[in-house]
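Chemist: I would like to see how this sequence folds:
(one chain, ligands or ions: 1)
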Amino acid sequence: MRAWPPGDDTASPDPVDEAAFRELRERGIDLDPEPPGQHRHGETVHPSDHAHPHVHSGPGEPPVVGIVGAGAVGTALGVALSRAGWPVGAIASRDPARRDRFRSLVPGSRGFGEAVALLDEVELVILAVPDDALPALAGSLRLYSGQAMIHTSGALGAEVLEPAMAAGTQVGAFHPLVAFADTELSVAALRGATVAIEGDDQLAELLAGMAEAVGAHAVRLAPGTKAAYHAAAVLAAGGFIALLDAIAQLGRVAGLDEAGSLAIYGRLSEQTLANTRALGIARSLTGPIIRGDQGTLERHLDTLRAHAPEALPLYRAAAEREIAIAEGRGALAPAAAEAMRRSLARPD
Ligand SMILES: NC(=O)c1ccc[n+]([C@@H]2O[C@H](COP(=O)([O-])OP(=O)(O)OC[C@H]3O[C@@H](n4cnc5c(N)ncnc54)[C@H](OP(=O)(O)O)[C@@H]3O)[C@@H](O)[C@H]2O)c1
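Modeler: Residues are numbered from 1 along each chain as shown. Got it, this is the predicted structure:
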(Lines give C-alpha, C1' and ligand atoms only; values in the text may rest on other atoms or scores of the structure.)
Protein backbone atom coordinates (compact mmCIF):
# COMPACT_ATOMS: atom_id res chain seq x y z
CA MET A 1 0.00 0.00 0.00
CA ARG A 2 1.15 3.53 -0.64
CA ALA A 3 1.37 6.13 2.10
CA TRP A 4 -0.04 8.84 -0.17
CA PRO A 5 -2.60 8.56 -2.95
CA PRO A 6 -0.78 8.35 -6.27
CA GLY A 7 -1.65 10.41 -9.30
CA ASP A 8 -1.70 14.04 -10.35
CA ASP A 9 -0.99 16.13 -7.27
CA THR A 10 -2.42 19.24 -8.92
CA ALA A 11 -5.89 17.71 -9.28
CA SER A 12 -8.36 18.00 -6.40
CA PRO A 13 -9.38 14.57 -5.18
CA ASP A 14 -12.95 13.54 -5.90
CA PRO A 15 -14.59 12.81 -2.51
CA VAL A 16 -16.30 9.68 -3.85
CA ASP A 17 -13.03 8.36 -5.29
CA GLU A 18 -11.28 9.19 -2.02
CA ALA A 19 -13.74 6.98 -0.07
CA ALA A 20 -13.22 4.16 -2.55
CA PHE A 21 -9.43 4.59 -2.37
CA ARG A 22 -9.57 4.50 1.42
CA GLU A 23 -11.52 1.27 1.39
CA LEU A 24 -9.09 -0.31 -1.06
CA ARG A 25 -6.13 0.84 0.99
CA GLU A 26 -7.64 -0.59 4.17
CA ARG A 27 -7.99 -3.92 2.38
CA GLY A 28 -4.27 -3.72 1.43
CA ILE A 29 -4.92 -3.41 -2.31
CA ASP A 30 -2.29 -1.61 -4.38
CA LEU A 31 -3.94 1.46 -5.84
CA ASP A 32 -1.76 1.84 -8.91
CA PRO A 33 -0.44 -1.53 -9.98
CA GLU A 34 2.04 -1.31 -12.86
CA PRO A 35 1.34 -3.27 -16.01
CA PRO A 36 3.48 -6.43 -16.08
CA GLY A 37 6.97 -5.66 -17.35
CA GLN A 38 6.77 -1.96 -16.61
CA HIS A 39 7.61 0.46 -13.83
CA ARG A 40 6.55 4.07 -13.47
CA HIS A 41 8.44 7.11 -12.11
CA GLY A 42 6.02 9.99 -11.98
CA GLU A 43 4.72 10.18 -15.54
CA THR A 44 7.58 8.19 -17.05
CA VAL A 45 7.08 4.49 -17.80
CA HIS A 46 10.20 2.33 -17.57
CA PRO A 47 10.83 -1.22 -18.83
CA SER A 48 10.93 -4.15 -16.40
CA ASP A 49 14.70 -4.18 -15.92
CA HIS A 50 14.47 -0.75 -14.34
CA ALA A 51 14.62 -0.66 -10.53
CA HIS A 52 11.38 0.24 -8.78
CA PRO A 53 10.55 0.59 -5.12
CA HIS A 54 8.54 -2.40 -4.00
CA VAL A 55 8.29 -1.36 -0.37
CA HIS A 56 4.81 -0.49 0.72
CA SER A 57 3.78 -0.02 4.32
CA GLY A 58 0.65 -1.80 5.44
CA PRO A 59 -2.70 -0.15 6.13
CA GLY A 60 -2.39 2.35 8.99
CA GLU A 61 1.34 1.65 9.36
CA PRO A 62 4.02 4.34 9.18
CA PRO A 63 5.83 4.60 5.84
CA VAL A 64 9.18 2.94 5.22
CA VAL A 65 11.76 5.66 5.88
CA GLY A 66 15.07 6.22 4.13
CA ILE A 67 17.65 8.70 5.37
CA VAL A 68 20.26 10.46 3.24
CA GLY A 69 23.25 11.58 5.31
CA ALA A 70 24.56 9.59 8.27
CA GLY A 71 25.64 12.73 10.07
CA ALA A 72 24.52 14.05 13.44
CA VAL A 73 20.84 14.55 12.59
CA GLY A 74 20.40 11.62 10.18
CA THR A 75 21.84 9.10 12.64
CA ALA A 76 19.94 10.36 15.69
CA LEU A 77 16.64 10.51 13.77
CA GLY A 78 17.22 7.02 12.37
CA VAL A 79 17.84 5.65 15.88
CA ALA A 80 14.89 7.51 17.42
CA LEU A 81 12.45 6.46 14.68
CA SER A 82 13.61 2.87 14.69
CA ARG A 83 13.22 2.66 18.49
CA ALA A 84 9.75 4.17 18.12
CA GLY A 85 8.81 1.29 15.83
CA TRP A 86 8.99 3.18 12.53
CA PRO A 87 10.53 1.10 9.75
CA VAL A 88 13.86 2.68 8.80
CA GLY A 89 14.62 0.77 5.62
CA ALA A 90 17.77 2.41 4.30
CA ILE A 91 20.61 4.87 4.84
CA ALA A 92 22.58 6.59 2.10
CA SER A 93 25.98 7.91 3.15
CA ARG A 94 29.07 8.33 1.02
CA ASP A 95 31.24 7.38 3.98
CA PRO A 96 31.46 3.61 4.68
CA ALA A 97 32.36 4.04 8.37
CA ARG A 98 29.38 6.35 9.05
CA ARG A 99 27.13 4.05 7.02
CA ASP A 100 28.21 1.00 9.05
CA ARG A 101 27.76 2.84 12.33
CA PHE A 102 24.23 3.84 11.31
CA ARG A 103 23.40 0.27 10.34
CA SER A 104 24.74 -1.09 13.63
CA LEU A 105 22.48 1.36 15.50
CA VAL A 106 19.42 0.85 13.27
CA PRO A 107 18.78 -2.88 12.89
CA GLY A 108 17.42 -3.99 9.53
CA SER A 109 18.46 -0.90 7.57
CA ARG A 110 20.22 -1.31 4.23
CA GLY A 111 23.21 0.84 3.34
CA PHE A 112 23.85 2.71 0.09
CA GLY A 113 26.64 4.97 -1.10
CA GLU A 114 24.32 6.97 -3.36
CA ALA A 115 21.06 8.66 -2.45
CA VAL A 116 19.53 7.69 -5.78
CA ALA A 117 19.78 3.97 -4.92
CA LEU A 118 17.89 4.51 -1.68
CA LEU A 119 14.84 5.76 -3.59
CA ASP A 120 14.06 2.20 -4.65
CA GLU A 121 13.74 1.05 -1.04
CA VAL A 122 11.62 3.56 0.81
CA GLU A 123 8.41 5.61 0.87
CA LEU A 124 9.50 8.65 2.89
CA VAL A 125 12.95 10.09 2.08
CA ILE A 126 14.63 12.28 4.73
CA LEU A 127 17.50 14.43 3.45
CA ALA A 128 19.68 15.13 6.52
CA VAL A 129 22.55 16.83 4.70
CA PRO A 130 24.07 20.33 5.03
CA ASP A 131 21.73 23.13 3.94
CA ASP A 132 24.06 24.13 1.11
CA ALA A 133 24.00 20.58 -0.33
CA LEU A 134 20.17 20.41 -0.51
CA PRO A 135 19.52 22.18 -3.86
CA ALA A 136 22.00 20.08 -5.84
CA LEU A 137 21.00 16.85 -4.10
CA ALA A 138 17.27 17.45 -4.68
CA GLY A 139 18.05 18.30 -8.30
CA SER A 140 19.81 14.96 -8.74
CA LEU A 141 16.87 12.87 -7.44
CA ARG A 142 13.44 12.13 -8.89
CA LEU A 143 10.75 10.75 -6.61
CA TYR A 144 8.48 7.90 -7.60
CA SER A 145 4.74 8.41 -7.56
CA GLY A 146 3.47 7.90 -3.99
CA GLN A 147 6.73 8.92 -2.32
CA ALA A 148 7.44 11.98 -0.20
CA MET A 149 10.72 13.75 0.53
CA ILE A 150 11.52 16.02 3.46
CA HIS A 151 14.61 17.80 4.74
CA THR A 152 15.66 18.68 8.28
CA SER A 153 16.96 22.20 7.65
CA GLY A 154 15.71 25.07 9.76
CA ALA A 155 16.99 27.67 7.35
CA LEU A 156 15.39 26.51 4.08
CA GLY A 157 11.79 25.96 3.07
CA ALA A 158 10.36 22.77 1.59
CA GLU A 159 10.38 24.34 -1.89
CA VAL A 160 14.11 23.59 -2.19
CA LEU A 161 13.06 19.95 -2.74
CA GLU A 162 10.65 20.71 -5.61
CA PRO A 163 13.17 19.70 -8.33
CA ALA A 164 12.82 16.10 -7.08
CA MET A 165 9.03 16.08 -7.45
CA ALA A 166 7.00 14.11 -9.96
CA ALA A 167 3.25 13.64 -10.18
CA GLY A 168 1.80 12.09 -7.02
CA THR A 169 4.73 13.06 -4.80
CA GLN A 170 5.03 15.46 -1.90
CA VAL A 171 7.79 17.48 -0.27
CA GLY A 172 8.06 18.92 3.21
CA ALA A 173 10.36 19.78 6.08
CA PHE A 174 10.95 18.43 9.58
CA HIS A 175 13.21 20.65 11.67
CA PRO A 176 13.81 19.46 15.24
CA LEU A 177 14.82 22.20 17.68
CA VAL A 178 17.58 20.08 19.16
CA ALA A 179 21.37 20.54 19.30
CA PHE A 180 22.53 17.28 17.72
CA ALA A 181 25.99 16.89 19.25
CA ASP A 182 25.93 13.22 20.34
CA THR A 183 23.60 10.47 19.10
CA GLU A 184 22.25 9.18 22.43
CA LEU A 185 21.99 12.65 23.98
CA SER A 186 20.13 13.83 20.86
CA VAL A 187 17.69 10.91 20.90
CA ALA A 188 16.93 11.76 24.53
CA ALA A 189 16.66 15.49 23.73
CA LEU A 190 14.03 14.81 21.05
CA ARG A 191 11.63 13.96 23.89
CA GLY A 192 9.73 17.17 24.58
CA ALA A 193 11.48 19.10 21.78
CA THR A 194 9.66 21.16 19.18
CA VAL A 195 9.73 20.15 15.51
CA ALA A 196 8.79 22.73 12.86
CA ILE A 197 7.03 20.91 10.03
CA GLU A 198 6.07 21.95 6.51
CA GLY A 199 4.02 20.17 3.92
CA ASP A 200 0.56 19.75 2.47
CA ASP A 201 -2.07 18.79 5.06
CA GLN A 202 -1.70 15.06 4.42
CA LEU A 203 2.08 15.07 4.70
CA ALA A 204 1.96 17.47 7.66
CA GLU A 205 -0.30 15.03 9.48
CA LEU A 206 2.18 12.24 8.84
CA LEU A 207 5.09 14.42 10.00
CA ALA A 208 3.20 15.42 13.15
CA GLY A 209 2.79 11.69 13.84
CA MET A 210 6.50 11.18 13.23
CA ALA A 211 7.36 13.96 15.69
CA GLU A 212 5.02 12.44 18.24
CA ALA A 213 6.58 9.00 17.73
CA VAL A 214 9.99 10.32 18.84
CA GLY A 215 8.43 12.18 21.77
CA ALA A 216 8.49 15.65 20.18
CA HIS A 217 5.78 18.25 19.47
CA ALA A 218 5.10 19.45 15.94
CA VAL A 219 4.49 23.12 15.15
CA ARG A 220 3.63 24.78 11.84
CA LEU A 221 5.21 28.20 11.36
CA ALA A 222 3.46 31.13 9.72
CA PRO A 223 4.65 31.68 6.14
CA GLY A 224 7.78 33.84 5.89
CA THR A 225 8.83 33.36 9.53
CA LYS A 226 11.13 30.35 9.26
CA ALA A 227 14.39 32.34 8.94
CA ALA A 228 13.64 34.36 12.11
CA TYR A 229 12.60 31.19 13.97
CA HIS A 230 15.86 29.53 12.91
CA ALA A 231 18.04 32.58 13.70
CA ALA A 232 16.63 32.49 17.25
CA ALA A 233 17.48 28.79 17.45
CA VAL A 234 21.03 29.48 16.30
CA LEU A 235 21.43 32.11 19.03
CA ALA A 236 19.96 29.71 21.63
CA ALA A 237 22.40 26.93 20.69
CA GLY A 238 25.52 28.17 18.83
CA GLY A 239 25.22 31.69 20.23
CA PHE A 240 25.08 30.32 23.75
CA ILE A 241 28.16 28.20 23.05
CA ALA A 242 29.99 31.35 21.88
CA LEU A 243 28.96 33.04 25.13
CA LEU A 244 30.17 30.07 27.21
CA ASP A 245 33.46 30.10 25.32
CA ALA A 246 34.01 33.77 26.24
CA ILE A 247 33.00 33.01 29.85
CA ALA A 248 35.52 30.14 30.00
CA GLN A 249 38.22 32.42 28.57
CA LEU A 250 37.66 34.95 31.35
CA GLY A 251 37.45 32.08 33.85
CA ARG A 252 40.96 31.00 32.77
CA VAL A 253 42.24 34.49 33.61
CA ALA A 254 40.79 33.93 37.08
CA GLY A 255 42.52 30.51 37.34
CA LEU A 256 39.59 28.24 36.47
CA ASP A 257 39.74 25.42 33.97
CA GLU A 258 36.80 24.81 31.59
CA ALA A 259 35.07 22.34 33.92
CA GLY A 260 35.45 24.77 36.80
CA SER A 261 33.95 27.62 34.77
CA LEU A 262 31.07 25.45 33.61
CA ALA A 263 30.41 24.36 37.19
CA ILE A 264 30.17 27.83 38.67
CA TYR A 265 29.01 30.04 35.79
CA GLY A 266 26.77 27.30 34.38
CA ARG A 267 24.95 27.32 37.68
CA LEU A 268 24.55 31.08 37.41
CA SER A 269 23.20 30.71 33.85
CA GLU A 270 20.74 28.04 34.99
CA GLN A 271 19.58 30.28 37.81
CA THR A 272 19.16 33.18 35.35
CA LEU A 273 17.16 31.00 32.97
CA ALA A 274 14.94 29.90 35.86
CA ASN A 275 14.46 33.56 36.80
CA THR A 276 13.40 34.47 33.24
CA ARG A 277 10.86 31.67 33.25
CA ALA A 278 9.43 32.86 36.54
CA LEU A 279 9.71 36.63 36.08
CA GLY A 280 10.14 37.32 32.36
CA ILE A 281 13.32 38.42 30.58
CA ALA A 282 13.44 42.13 31.41
CA ARG A 283 12.69 41.65 35.13
CA SER A 284 15.49 39.09 35.41
CA LEU A 285 18.27 41.48 34.39
CA THR A 286 20.84 41.90 37.19
CA GLY A 287 24.40 43.25 37.28
CA PRO A 288 26.34 46.51 37.02
CA ILE A 289 24.47 47.92 34.04
CA ILE A 290 21.02 47.97 35.58
CA ARG A 291 22.58 49.38 38.79
CA GLY A 292 24.24 52.13 36.76
CA ASP A 293 27.71 51.12 38.03
CA GLN A 294 29.83 52.98 35.50
CA GLY A 295 33.12 52.28 37.36
CA THR A 296 32.55 48.51 37.32
CA LEU A 297 31.81 48.59 33.60
CA GLU A 298 35.08 50.52 33.03
CA ARG A 299 37.08 47.99 35.12
CA HIS A 300 35.58 45.09 33.12
CA LEU A 301 36.48 46.74 29.83
CA ASP A 302 40.06 47.38 31.03
CA THR A 303 40.58 43.76 32.11
CA LEU A 304 39.08 42.43 28.89
CA ARG A 305 41.41 44.67 26.84
CA ALA A 306 44.38 43.39 28.83
CA HIS A 307 43.59 39.69 29.21
CA ALA A 308 40.82 38.59 26.84
CA PRO A 309 40.54 41.03 23.91
CA GLU A 310 38.73 38.41 21.75
CA ALA A 311 35.85 38.47 24.22
CA LEU A 312 35.43 42.27 24.01
CA PRO A 313 33.01 42.41 21.01
CA LEU A 314 30.66 39.93 22.68
CA TYR A 315 30.83 41.74 26.04
CA ARG A 316 30.12 45.07 24.31
CA ALA A 317 27.21 43.70 22.27
CA ALA A 318 25.62 42.15 25.36
CA ALA A 319 26.16 45.33 27.39
CA GLU A 320 24.50 47.47 24.68
CA ARG A 321 21.50 45.19 24.76
CA GLU A 322 21.40 45.25 28.59
CA ILE A 323 21.42 49.07 28.56
CA ALA A 324 18.39 49.02 26.25
CA ILE A 325 16.58 46.53 28.52
CA ALA A 326 17.42 48.60 31.63
CA GLU A 327 16.15 51.77 29.93
CA GLY A 328 13.01 49.94 28.83
CA ARG A 329 12.38 48.99 32.45
CA GLY A 330 12.83 52.61 33.50
CA ALA A 331 15.66 51.47 35.79
CA LEU A 332 18.45 53.46 34.14
CA ALA A 333 18.41 57.26 33.74
CA PRO A 334 19.07 58.49 30.20
CA ALA A 335 22.30 60.27 31.29
CA ALA A 336 23.66 57.07 32.93
CA ALA A 337 22.76 55.06 29.84
CA GLU A 338 24.52 57.59 27.63
CA ALA A 339 27.69 57.54 29.78
CA MET A 340 27.80 53.74 29.60
CA ARG A 341 27.34 53.80 25.85
CA ARG A 342 30.28 56.24 25.59
CA SER A 343 32.48 53.87 27.66
CA LEU A 344 31.55 50.98 25.42
CA ALA A 345 32.31 52.99 22.28
CA ARG A 346 35.77 54.09 23.49
CA PRO A 347 38.41 52.71 21.10
CA ASP A 348 40.76 50.02 22.48
N1 LIG B 1 23.21 19.74 13.96
C2 LIG B 1 22.11 20.23 14.47
O3 LIG B 1 22.05 20.51 15.67
C4 LIG B 1 20.89 20.41 13.61
C5 LIG B 1 19.65 20.64 14.26
C6 LIG B 1 18.49 20.71 13.48
C7 LIG B 1 18.59 20.62 12.09
N8 LIG B 1 19.82 20.46 11.50
C9 LIG B 1 19.86 20.36 10.03
O10 LIG B 1 20.04 19.00 9.65
C11 LIG B 1 20.81 18.91 8.44
C12 LIG B 1 22.02 18.03 8.66
O13 LIG B 1 22.82 18.60 9.66
P14 LIG B 1 23.89 17.73 10.48
O15 LIG B 1 24.30 18.56 11.65
O16 LIG B 1 23.42 16.35 10.69
O17 LIG B 1 25.11 17.71 9.44
P18 LIG B 1 26.37 16.71 9.45
O19 LIG B 1 26.57 16.11 10.79
O20 LIG B 1 27.48 17.49 8.84
O21 LIG B 1 25.92 15.54 8.47
C22 LIG B 1 25.61 15.78 7.15
C23 LIG B 1 25.56 14.49 6.37
O24 LIG B 1 25.27 14.79 5.01
C25 LIG B 1 26.23 14.17 4.16
N26 LIG B 1 26.58 15.11 3.08
C27 LIG B 1 27.39 16.19 3.14
N28 LIG B 1 27.46 16.81 1.95
C29 LIG B 1 26.66 16.10 1.13
C30 LIG B 1 26.33 16.20 -0.25
N31 LIG B 1 26.85 17.18 -1.00
N32 LIG B 1 25.48 15.30 -0.78
C33 LIG B 1 24.96 14.30 -0.02
N34 LIG B 1 25.26 14.13 1.28
C35 LIG B 1 26.10 15.02 1.84
C36 LIG B 1 27.45 13.95 5.00
O37 LIG B 1 28.34 13.08 4.40
P38 LIG B 1 28.27 11.50 4.03
O39 LIG B 1 27.35 11.32 2.85
O40 LIG B 1 29.66 11.27 3.68
O41 LIG B 1 27.79 10.78 5.26
C42 LIG B 1 26.84 13.68 6.38
O43 LIG B 1 26.55 12.32 6.54
C44 LIG B 1 21.14 20.37 8.06
O45 LIG B 1 20.16 20.81 7.14
C46 LIG B 1 21.00 21.12 9.37
O47 LIG B 1 20.64 22.48 9.17
C48 LIG B 1 20.96 20.34 12.23
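Chemist: CA atoms for contacts and neighbours, from now on please.
Modeler: OK.
Chemist: I figured residue 193 was touching residue 219, is that so?
Modeler: No. If you go by C-alpha atoms under 8 Å, residue 193 and residue 219 don't touch, sitting 10.4 Å apart.
Chemist: Would stretch 65-76 count as contacting the ligand?
Modeler: Yes. Using C-alpha under 6 Å from any ligand atom, we find that stretch 65-76 touches the ligand at 69-74.
Chemist: just stretch 79-86 next, same as before
Modeler: No. Stretch 79-86 does not reach the ligand (C-alpha under 6 Å from any ligand atom); its nearest approach is 13.1 Å.
Chemist: any idea of the mean pLDDT for that stretch?
Modeler: Confidence for stretch 79-86, expressed as mean pLDDT, is 98.
Chemist: Identify each buried residue in the top helix by length along the chain, please.
Modeler: Longest helix in the chain by number of residues, with DSSP state H as the criterion: helix 258-279. Judged by neighbour count (16 or more other C-alpha atoms under 10 Å), helix 258-279 contains these buried residues: 261-262, 265, 272.
Chemist: repeat for stretch 103-118
Modeler: 103, 105-106, 109-113, 115-118.
Chemist: Repeat that for stretch 137-146.
Modeler: Within stretch 137-146, the residues that count as buried by 16+ other C-alpha under 10 Å are 137-138, 141-146.
Chemist: for stretch 240-251, same thing?
Modeler: Neighbour-count burial for stretch 240-251 [16+ other C-alpha under 10 Å]: 243-251.
Chemist: As a markdown table, the residues you listed with distance to the ligand and pLDDT would be great.
Modeler: Output for the buried residues of stretch 240-251, formatted as a markdown table (distance: C-alpha to the nearest ligand atom, whole Å; pLDDT from 0 to 100):
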| residue | distance to the ligand | pLDDT |
| --- | --- | --- |
| 243 | 17 | 98 |
| 244 | 17 | 98 |
| 245 | 18 | 98 |
| 246 | 21 | 98 |
| 247 | 22 | 98 |
| 248 | 22 | 98 |
| 249 | 24 | 97 |
| 250 | 26 | 98 |
| 251 | 26 | 98 |
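Chemist: Helices - which of the residues you listed land there?
Modeler: Using DSSP H, 243-251 are the members of the buried residues of stretch 240-251 that sit in helices.
Chemist: Widest-spaced pair of those?
Modeler: Using C-alpha to C-alpha, those span at most 12.2 Å, a distance reached by 243 and 251.
Chemist: still on that earlier bit, what lies in contact with the longest helix of the chain?
Modeler: For helix 258-279, the surrounding residues in contact (C-alpha atoms under 8 Å, 6 or more residues apart in numbering) are 244, 247-248, 251-252, 281-284.
Chemist: you'd agree residue 91 is up against residue 71?
Modeler: No. Using C-alpha under 8 Å, residue 91 is not in contact with residue 71, being 10.7 Å away.
Chemist: These two: which is more packed in?
Modeler: Higher neighbour count among residue 91 and residue 71: residue 91, with 34 against 19, using other C-alpha atoms under 10 Å.
Chemist: Is any residue of the strand or helix carrying the more buried one near the ligand?
Modeler: Using DSSP states H and E, residue 91 sits within strand 88-92. No. With C-alpha under 6 Å from any ligand atom as the measure, strand 88-92 is seen stopping short of the ligand, the closest distance being 6.8 Å.
Chemist: Against which helices or strands is the helix or strand following that strand packed?
Modeler: As assigned by DSSP H and E, the chain's next helix or strand after strand 88-92 is helix 96-105. When contacts are defined as 3 or more C-alpha pairs under 8 Å, 6 or more residues apart in numbering; DSSP states H and E, helix 96-105 sits against helix 72-83, strand 88-92, strand 110-112.
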